[in-house]
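S.K.: I would like to see how this sequence folds:
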Amino acid sequence: MAEQRSESESKKNEQRRVGLLYDEKMCKHHTPDHEYHPENPNRIRAIWKKLHSAGVPQRCVLLDAKEAEDKHILLVHSKNHVKLIKNISSKQFDSRRARTASKFNSIYFNEGSSESAYLAAGSVMEVTEKVAKGELDSAVAIVRPPGHHAERDEPMGFCLFNNVGVAASFLLNEKPELGIKRILIVDWDVHHGNATQKMFWDDPRVLFFSVHRHEFGSFYPANDDGFYTMVGEGPGAGYNINVPWENGQCGDADYFAAWDHILLPVAKEFNPDLIIVSAGFDAAIGDPLGGCCVTPYGYSVMLKKLMNFAHGKIVLALEGGYNLESIANSMLACVQVLLEDKPILGSSEAYPYESTWRVLQAVRKELSAFWPTLAEELPETLLNQKALTSLYVPMSSSNSNLEDHIRLTCDFEEILQDVIEPFSKLKVNEGQVESNTSNWRSELSKVDVWYASFGSNMWQQRFLCYIQGGQVEGMQKPCSGAEDKTPPKEITWKSVPHRLFFGREFTQTWGAGGVAFLNPESSSQEKVYVCLYRITLEQFNDILLQENARSAAIGSPLFDSTAIDSLTSGESNSLEVNLERGWYRNVVYLGKEQDIPILTMTCGLSEIEGFKSGKLPLRAPSERYANTLVRGLVEGKQLSEEEAMAYIQETSTKPL
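M.R.: Numbering: from 1, shown residues only. Next up, the predicted model:
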């Protein structure tokens, strides 16, 4: 009996001490009028309820939430940013809170935002410090608002403070006595952790790994930051690793491949003292924004593999995830892994997509100079183990079509009925779903506009792909076409006093190289050739969506007659439409022709500033993209071939 008691006590002593932090006060951050938004208080409530139903809190060390101090937030954020978040919930902002929020990318504020943001950042700091001290083996912070998009100077993408960035900087810079010299940050949120990347861009003490849906920069946050060539610089070169999926529907097999052939070999060489996971669960099956299909089993396997490093010192900090069932089941699976109280159950029979192997090989090649373990070629026998080639399926595709596709890669058929909420119907800022499209289409079909093209659409055959569907020479992906496939009523040319420039690393349509953008600011010193197509405002909406989301299925207009009135009133010549992703969300008014408004589309004003400052790279167009522009200018009888080539050469080399 004594021996049995001793053995029992020994097992009890060996049980991992897992910290668990949740505080209802973080639910005070919600939309001002309680209108629907994907990032809402029910996200963390659903997780907490699921953990309770499984009896998890009783097996964990429950921790109290703690507000971060300004001095610690200032390690990664500017004084102005801290001042804004600190005061945004005060009465002095009551009359201008909504207006302030509208200046940022996918942000809302209310009277509870400040407290929630300080609690989220402070709570991740609290649990991370306890794990670093050895008081806990691992910990989970169920916090909101999320953080990995929050830049040094501004909130972004539902995020107010960068919770993980604050915690990592706190340990490295304020607590050297704890002996944490190397931190691995794993960001498995479906969106790229743009802000966390920048915070440790040149810091070799942090290995930042982000696996995310990217689609050559067209998926949110819709820039080149998440591309695999972004590896860090200076002493931090090689310590920034991006695995950018080319398409949606990636699942367990794709993520396991990224772990086994990139993350784990590098982590072994890096040998971290602690691991922080930016644990967004929007790559989970059923998420309305993510469009991927990672299962709870998949998350548990990924986490289990990470426990082989840093003596299992792991902190999970909640980021995104917007399907309440998926986010709760996925987090439960992860906490159970940390507790190590039962074996991981499940299996994944699927192979990675062909595109997955292509991405992983590109990442390994890019990073092999920094991590010799990645220099070896992957064997052909491994590369041949692949699922059917993943054709891009727009988020607005019907659920039935998407279900057929996902069954090839996911075993969770019982929850496939709510796989993907059509993305185009989800209005992130307003949260309204509108399914009756006939009324607005009928109304806007009676309104004519000139669509002014300054890029590849100057070639008429290319432009008609947006109207009638299909693709032309040089394009890697076909267009879906507009609902109204009537050709333009008129076509003419003119020049406008604006600046043409080229930027981006890749596009899904043209591959490597920059594509054309227009600076909304006019200048008498500049001249851009534009081909004007007289189409309906209904068709313009379908083109606008295809330029950003590659599908013409929308439930409500992105740009209507009221928006035109706003632009023609003279207050501003550009207006950003309500889309979460895409590089052509900014509609620009260029005047009138025959008393009909001339509209074009370009990147947002924040991206323009990014190009001007050098944060976003200018890049010359690829040969096939440039040839398309030349063809349009020549067939449109605007320039000779030599003149057109010189025009493109000049605009692609001149500083913005």
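S.K.: pLDDT weak spots in the protein?
M.R.: The chain contains residues with pLDDT under 70 at 1-14, 341-343, 345-349, 388-438, 508, 549-554, 580-581.
S.K.: longest helix of it?
M.R.: Counting residues, the longest helix found in the chain (DSSP state H) is helix 113-133.
S.K.: Show the subsequent helix or strand relative to it.
M.R.: Remark: after helix 113-133, the chain's next helix or strand is strand 138-141, criterion DSSP states H and E.
S.K.: Flag every buried residue along that next one.
M.R.: Across strand 138-141, burial judged by 16 or more other Cβ atoms under 10 Å covers 138-141. Any C-beta I mention is one placed from the backbone N, CA and C, and that applies to glycine too.
S.K.: Check stretch 451-462 too.
M.R.: Residues of stretch 451-462 classed as buried under the neighbour-count rule (16+ other Cβ under 10 Å) are 451-460, 462.
S.K.: and which of those residues is nearest Glu246?
M.R.: Relative to Glu246, the closest of the buried residues of stretch 451-462 is Ser456; by Cβ to Cβ it sits at 20.4 Å.
S.K.: quick one: that closest one and Arg631, what's the gap?
M.R.: 9 Å (Cβ to Cβ, to the nearest Å).
S.K.: swap in Val577?
M.R.: 29 Å.
S.K.: same deal with Asp484?
M.R.: Going from Asp484 to Arg631 by Cβ to Cβ gives 26 Å.
S.K.: The two: which is more packed in?
M.R.: Arg631 (21 against 15; other Cβ atoms under 10 Å).
S.K.: which residue sits closest to that one, ignoring its sequence neighbours?
M.R.: Excluding its sequence neighbours, the residue lying closest to Arg631 (Cβ to Cβ, 6 or more residues apart in numbering) is Trp459, at 4.8 Å.
S.K.: again with Ala516
M.R.: Once flanking residues are discounted, Ala516 sits nearest to Gly455: 3.6 Å by Cβ to Cβ, 6+ apart.
S.K.: CA atoms of the helix or strand encompassing Phe501 as PDB?
M.R.: Using DSSP H and E, Phe501 maps to strand 499-503. Taking C-alpha atoms only, strand 499-503 is exported to PDB below (Å, rounded to 0.1, in the frame of the first residue of the first chain):
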ATOM      1  CA  ARG A 499       1.500  59.300 -61.400                       C
ATOM      2  CA  LEU A 500       1.700  55.600 -62.600                       C
ATOM      3  CA  PHE A 501       3.900  53.300 -60.600                       C
ATOM      4  CA  PHE A 502       4.500  49.600 -60.100                       C
ATOM      5  CA  GLY A 503       4.600  47.600 -56.800                       C
END
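S.K.: Now for Phe463: which residues touch it?
M.R.: If a contact means Cβ atoms under 8 Å, 6 or more residues apart in numbering, then Phe463 has 453, 457, 531, 533 as its contacts.
S.K.: Filter the residues you listed down to the ones in strands?
M.R.: Cross-referencing those against strands under DSSP state E gives 453, 531, 533.
S.K.: roughly how far apart are Gln539 and Ile314?
M.R.: The gap separating Gln539 from Ile314 is 52 Å, by Cβ to Cβ.
S.K.: scratch that, Asp187 is what I was asking about
M.R.: Separation of Asp187 from Ile314 (Cβ to Cβ): 14 Å.
S.K.: Give me the common contacts of the two.
M.R.: Val277.
S.K.: which residues touch Trp151?
M.R.: Small correction: residue 151 is Glu, not Trp. For Glu151, counting by Cβ under 8 Å, 6+ apart, the contacting residues are 81, 162, 194-195, 198.
S.K.: Which one (most neighbours) among these?
M.R.: Neighbour max across the contacts of Glu151 (other Cβ under 10 Å) = Asn162, 32 neighbours.
S.K.: That one reaches Pro146, doesn't it?
M.R.: No: applying Cβ atoms under 8 Å as the test, Asn162 and Pro146 come out as separate, 9.4 Å apart.
S.K.: The nearest residue to Leu74 once chain neighbours are set aside: what's it in contact with?
M.R.: Among residues not flanking Leu74 along the chain, Val82 sits closest, at 6.0 Å (Cβ to Cβ, 6+ apart). Going by Cβ under 8 Å, 6+ apart, Val82 touches 70, 73-74.
S.K.: just those now: which is nearest Cys479?
M.R.: Ile73 (45.0 Å).
S.K.: how deep is the closest one tucked in, by neighbour count?
M.R.: Ile73 is flanked by 27 other residues according to other Cβ under 10 Å.
S.K.: quick one, phi psi at it?
M.R.: Ile73 adopts backbone torsions of phi -70, psi -30, taken as degrees, to the nearest 10.
S.K.: can you tell me how far it sits from Tyr118?
M.R.: Taking Cβ to Cβ, one finds Ile73 at 8 Å from Tyr118.
S.K.: Find the residues that touch each one of those two.
M.R.: The overlap between the contact sets of Ile73 and Tyr118 (Cβ under 8 Å, 6+ apart) consists of Phe161.
S.K.: quick one on the thing from earlier: any chance of the contacts of Glu151 in CSV with secondary structure and distance to Gln468 as columns?
M.R.: Putting the contacts of Glu151 into CSV (DSSP: H, G, I helix; E, B strand; the rest coil; distance: Cβ to Cβ, whole Å) gives the following:
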residue, secondary structure, distance to Gln468
His81, helix, 47
Asn162, coil, 45
Asn194, helix, 36
Ala195, helix, 41
Lys198, helix, 42
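S.K.: For those, which two are the farthest from each other?
M.R.: Across the contacts of Glu151, no pair lies farther apart than His81 and Asn194, at 15.2 Å, counting by Cβ to Cβ.
S.K.: quick one: the helices in the stretch 551-656 of the chain?
M.R.: Under the criterion DSSP state H, counting those that start in this stretch, helices of the stretch 551-656 of the chain are mapped to 561-568, 605-613, 623-635, 641-653.
S.K.: same for the first one, what does it pack against?
M.R.: If you count contacts as 3 or more Cβ pairs under 8 Å, 6 or more residues apart in numbering; DSSP states H and E, helix 561-568 packs onto strand 574-576, strand 586-593, strand 596-602.
S.K.: ok, now with 10 Å
M.R.: When contacts are defined as 3 or more Cβ pairs under 10 Å, 6 or more residues apart in numbering; DSSP states H and E, helix 561-568 packs onto helix 438-444, helix 537-549, strand 574-576, strand 586-593, strand 596-602.
S.K.: Single out the most deeply packed of the ones you listed.
M.R.: Stretch with highest mean neighbour count among these: helix 537-549 (a mean of 24; mean count of other Cβ atoms under 10 Å).
S.K.: residues near Ser123, how many?
M.R.: Ser123: 28 neighbours (other Cβ under 10 Å).
S.K.: same thing with the one 4 residues further on?
M.R.: Burial of Val127, expressed as a neighbour count using other Cβ under 10 Å, amounts to 29.
S.K.: So it versus Val140, what's the distance?
M.R.: Using Cβ to Cβ, Val127 is found at 7 Å from Val140.
S.K.: shared neighbours of the two, anything?
M.R.: Common neighbours of Val127 and Val140, using Cβ atoms under 10 Å, 6 or more residues apart in numbering, are 19-21, 63, 315-317.
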